[in-house]
Each structure stands twice: as structure tokens, then as C-alpha cells.
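In: Predicted model follows, preceded by the sequence.
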Amino acid sequence: MVQLSERSAAIIERLRQLRAADAATHGGRVLSYVYDPGLAELDELAAQAMRLMQPVNGLDPTVFPSVAALERELVGFAARMLHGDETTVGTVTSGGTESCMLAVKTAREGWAARPERSPASRARIVAPVTVHAAFHKAAAYFGLDLDLVPVDADGVVAAGDIAARFGTDVALVVVSAPGYPFGVLDPVAEVAAAAARAGIPCHVDACIGGFALPWWGGVPAWDLAVGGVTSISADLHKFGYAPKGASVLLQRDRDRQRRQYFAIADWPGYPVVNPTLLGSKSATALAAAWAIVQQLGVDGFAELVASCRRSTEQLRAHIDGLAGLRVVGEPIGPLLAVATDDGELKRSRVDPHRWADRVAELGFTLQLQPGFAQSDGTRLPRTTHLTITPVTEQRLPELTEALTRAAADVRGKPPADPRLTVRALRLTGALRRELTADRAQALLRRLGVGRPGAGTTLPERMAPLMALIEQLPSEFTERLLIEVLARQVEAPSESTPGR
């Protein structure tokens, strides 16, 4: 092992100090973003695998055949678990967003080749409104329209409502297994059958459920066992427990998958062939995911999913027993969304966002989701999201105590009311003016996001900010959120690079 110099050791110490400010990635205190199996050996296994592949460029597996071998074995495992057959092929990508974008790119290329399409038409993607934001991004990047179908108050979409949107301009229909906002499994079999009759590809976004649902039990058919499903995405860095970022995109057949590729020989440099959006890419996450799958195998995944299911069922029962709160709908898999129980008297209701803020003060981070107005005029409730991982089971007594105490502390308190702030923004014309970077930053500070001399640190309590997001025009909110994130990585004006 190479001994670090004093300067190198100081650099690593600085990194440790920076990491100390991050949310905890282990221990079950963050119920979103991180997927902790509670097995320390997997961390070390992944680290050693990543170190071995650290200098490798995944751009060209003909030069680095280890990349091809690892990808081949990972795709093979995923295909077996998701009921692929001998024609199923796939790709390891950098994450769920890339997998979803490549599924859209594939569908767009196939639609463009249809002889019956109008040259002047623009392709559509049809999906429930609960489809992941990655498909909004894919539509924006690849020039498609996203046609969103409303769901009911429990997040359930009717297959007939999706099929009613089909037409010759539809390049792809997307369903989720399960959808992230409410953990609801879309009617995959019914939609896929309707799509097959209409000659439309059907993608299943199983980014969060792909490495959990195969072992969950009692799940309606949702994967490549369903004949009309033409592609499926499943994230290895979620319930595959790999480091970010690793995902798998499986395609029903080779000819379909080849449309996913980009190739160029018509330039003066070397011929470029890319199966993913990236060219040069690290092979470290690929190696870590491969090593973890090799270690866990089918039985290891089954054991970890069993832990998730026990915790999910106990948490669901516990939350349903808290006056003023309810679990939304009938979630399938290790996801829960919690809303106010409007059947209770106002003095007994619990606002899920005030509840999440109080739970955070008690040591657990939940994810706030704003209410949402659908195109048919109905509204989906504001919720708090919980993602349950194997390590959650170790924290259940402490977690349930925090959930109970937080509900008691905020019970009867009304939701944050942003109407005066929104009215002031309208009266001053702020909603009509172009938001430059400086105007957006000044407005964020007025709204309590950030402070003079600092960046755009979020407020300790998020309920008021989420209430604003619910009430403001989405384009305005999106511009403000862009500013929040962009300012996180900007150096203060007085700083000097390298110091």
C-alpha cells in the first residue's frame, strides 16, 4: 500500500471534514436517496472492486474486455430476475435517468422509421402523471411531447384512460413498477396488452422496484413476463445496493436495442460507437454493482427484501394507527406516501409536511412532496415519502417513536399558508418579470432561502417552502429551484481557486 504524503493526508482529512456535513448514508436515518443493506462487508467489497477498475475507461470494451464481461454478467442476472428470454439484451447505464432517456431515444428512433407517420408530426409519450421526472427530462432533451394521464386520489391510473390517448403519433407508453410518488404499481399487463394491439412500445420504469419486486411476493405481472412490455429499467444503485451510479436497461430484442446506440464514422477521428449517453466513462460503479450481485445472489436479495417487507408492513400499520395521518392508497414494494387523514376533525389532523419537519428534528429525514394539480382539475394531496431499506428494521423502535411523537407535537396545527406571500409576489409584478440569476437569488432570500453572505441554504423547516411550491406557477418555481442548486457549487466571490 502506498504511504500518503503529508499533503495528501491533509487533502483526505479535508474530505472527511466535508463529508461530516452530509446526511448519514448508513444507519437508517435517511428514508430517501440512500439504500443501506446494513451489511458492512458489501461496502468494503464494492470499494475494492472499484479500486481495481479505477483506471479503466468503459468507452471501449474491445480494449478493456473486463468491462464487457462485467456488463454481460450483470445484464444476464437482471434478465433472469425480470423474466427475459434468449432474445433479451441490455446495457448498464449511469443511473435510472439515463436508462429512461435511452428507452425514450430508442422509441423515438423506431417511431421515426414508421412509414405511416406524418413527416410534420411530433411524437408523444403517454404515461400516468405519476411517471418519474426522468421522462419529462427525456421528452425535453429528445423533442417529444409528454401526454400525462390523471390518476385518482390514491395514485391509481385506469388502463383504459391510458389507452384512450393512443394514436399514430405515440412513440412510447410508460408505466411504473411502482411509481415513486405513492408506491403504486401501475396496471402493467393491461396497458402493455393495449399498447401491443396498437403497435406501440411499452416501457416499464422499474428503476426503484426492479431489484425488490422480484422477491416481494404477491405482485401482479409487471416485468418482461408480460408480452407487450418492450423494455424495462431497473437501478442497481437502489435496491441493488451498489454505489451510484449503476442501472440496467433491458430491451425485448436486439433490433430494438440497436436504435439505442449512437455511432459515427463520418469524421476525421476514430470511429465512435456508444450504447449510452456517455462516451468515456468510469467502470467503477459497474464493477461494484457486479461484485455485490455476485456476493448476494438470488438468496441474498430475497433475504434483504424480506427485511424491507417486514419493516414496510409494520410502518404502514403504525402510521395508519396515528390519528390524523393515512398511508396513501395500496402501495406495493418498500415505498410509502403519507397524507393528512381528512376524515378526522381539523383539531386531530396532521399536516404531513409539518410532521416531516418535526421528524427531522427528532433525527430522521423524510422526503416532502408538494400537492399537485392535475390537468382534469383534481388535486393530489401533499405527502411525505418514506423509502424503506433493510437497515430500517434495526431502527424501527426508534423510528416509530419519532413518528408518533412528531404527530403528537404538530397535530391540529394548520398547514403552512403562503397566500400572503403569493399575493405580494403578484402585486409587485415579480411573477411577470424575467428572473435573472441575481433577481432569483434576491427573491430566494426574501422567501427565507439563504441569507446575506451565504449561499442558498434551505430553511430548517421545509413545510412553508413546499406550500409555496404548491401555489406558485411551476415555471417560476422551477427557475427558483435552478438558482438554489446552481448557487450550491458557486465559489464565494472572495475565494481564490486552489486555496
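Out: Thanks, I have it.
In: going forward, measure contacts between C-alpha atoms and count neighbours the same way
Out: Fine.
In: Tell me where the model's unsure across the protein.
Out: Along the chain, the parts satisfying pLDDT under 70 run over 118, 120, 450-457, 492-499.
In: Got the domain ranges for it?
Out: 48-292, 419-488 (automatic domain parsing).
In: deepest of those domains, which one?
Out: The densest packing among the domains of the chain, expressed as mean neighbour count by mean count of other CA atoms under 10 Å, is seen in domain 48-292 with a mean of 20.
In: Straight-line length of that one, end to end?
Out: Using CA to CA, to the nearest Å, the gap from the first to the last residue of domain 48-292 comes to 11 Å.
In: from the chain's centre, how far out does it sit?
Out: 13 Å (CA atoms, centre = their mean, to the nearest Å).
In: cool, stretch 472-492 as well?
Out: A distance of 19 Å separates the centroid of the chain from that of stretch 472-492, by CA atoms, centre = their mean.
In: same deal with stretch 366-374?
Out: 14 Å.
In: if we can go back for a sec, just put the domains of the chain in a markdown table and tack on distance to Leu362.
Out: A markdown table is the format used below for the domains of the chain (distance: least, CA to CA, whole Å):
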| stretch | distance to Leu362 |
| --- | --- |
| domain 48-292 | 24 |
| domain 419-488 | 13 |
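In: And the strands in the stretch 201-350 of the chain, which stretches?
Out: Ranges of strands in the stretch 201-350 of the chain, per DSSP state E, counting those that start in this stretch, are 202-205, 231-235, 247-251, 262-264, 272-274, 325-327, 335-340.
In: Which of those strands sits closest to Arg114?
Out: Across the strands of the stretch 201-350 of the chain, Arg114 has its closest neighbour in strand 202-205 (16.2 Å, CA to CA).
In: Quick one: the helices in the stretch 301-450 of the chain, in order.
Out: Listed in chain order, the helices found in the stretch 301-450 of the chain under DSSP state H, counting those that start in this stretch are 352-361, 392-410, 419-427, 437-446.
In: do you know which of those helices lies nearest His83?
Out: Evaluated over those, closeness to His83 peaks at helix 392-410, with 28.8 Å, by CA to CA.
In: what's the angle between the closest one and helix 352-361?
Out: Counting by axes from the mean of the first three to the mean of the last three CA atoms, to 10 degrees, helix 392-410 points 120 degrees away from the direction of helix 352-361.
In: and helix 392-410, C-alpha only, in CSV?
Out: In CSV, the C-alpha atoms belonging to helix 392-410 read as follows (Å, rounded to 0.1, in the frame of the first residue of the first chain):
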residue,chain,number,x,y,z
THR,A,392,-34.7,0.3,8.6
GLU,A,393,-35.6,-2.8,10.6
GLN,A,394,-32.7,-2.1,13.0
ARG,A,395,-34.2,1.4,13.6
LEU,A,396,-37.9,0.5,13.8
PRO,A,397,-38.4,1.1,17.6
GLU,A,398,-36.6,4.5,17.5
LEU,A,399,-38.2,5.5,14.2
THR,A,400,-41.8,4.6,15.2
GLU,A,401,-41.3,6.5,18.4
ALA,A,402,-40.2,9.6,16.5
LEU,A,403,-43.1,9.3,14.1
THR,A,404,-45.5,9.1,17.0
ARG,A,405,-44.0,12.0,18.9
ALA,A,406,-43.8,14.2,15.9
ALA,A,407,-47.5,13.6,15.0
ALA,A,408,-48.5,14.5,18.6
ASP,A,409,-46.4,17.6,18.5
VAL,A,410,-48.0,19.0,15.3
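In: Give the buried residues for it.
Out: Thr392, Glu393, Leu399, Ala402, Leu403, Thr404, Arg405, Ala406, Ala407, Ala408, Val410 (16 or more other CA atoms under 10 Å).
In: Quick one: residues contacting the first one.
Out: The neighbourhood of Thr392, defined by CA atoms under 8 Å, 6 or more residues apart in numbering, consists of Gly27, Gly28, Cys308, Ser311.
In: try 10 Å
Out: Going by CA atoms under 10 Å, 6 or more residues apart in numbering, Thr392 touches 27-31, 35-38, 307-308, 310-312, 315, 398-399.
In: what's the most distant pair in the buried residues of helix 392-410?
Out: The two members of these with the most space between them (CA to CA) are Glu393 and Val410, at 25.6 Å.
In: Is Pro128 in contact with Gly179, as I believe?
Out: Yes. Using CA atoms under 10 Å, Pro128 and Gly179 qualify as a contacting pair, with a distance of 9.2 Å.
In: so what's in contact with the two at the same time?
Out: Between them, Pro128 and Gly179 have Gly155, Val156, Asp186 as joint contacts when contacts are counted by CA under 10 Å, 6+ apart.
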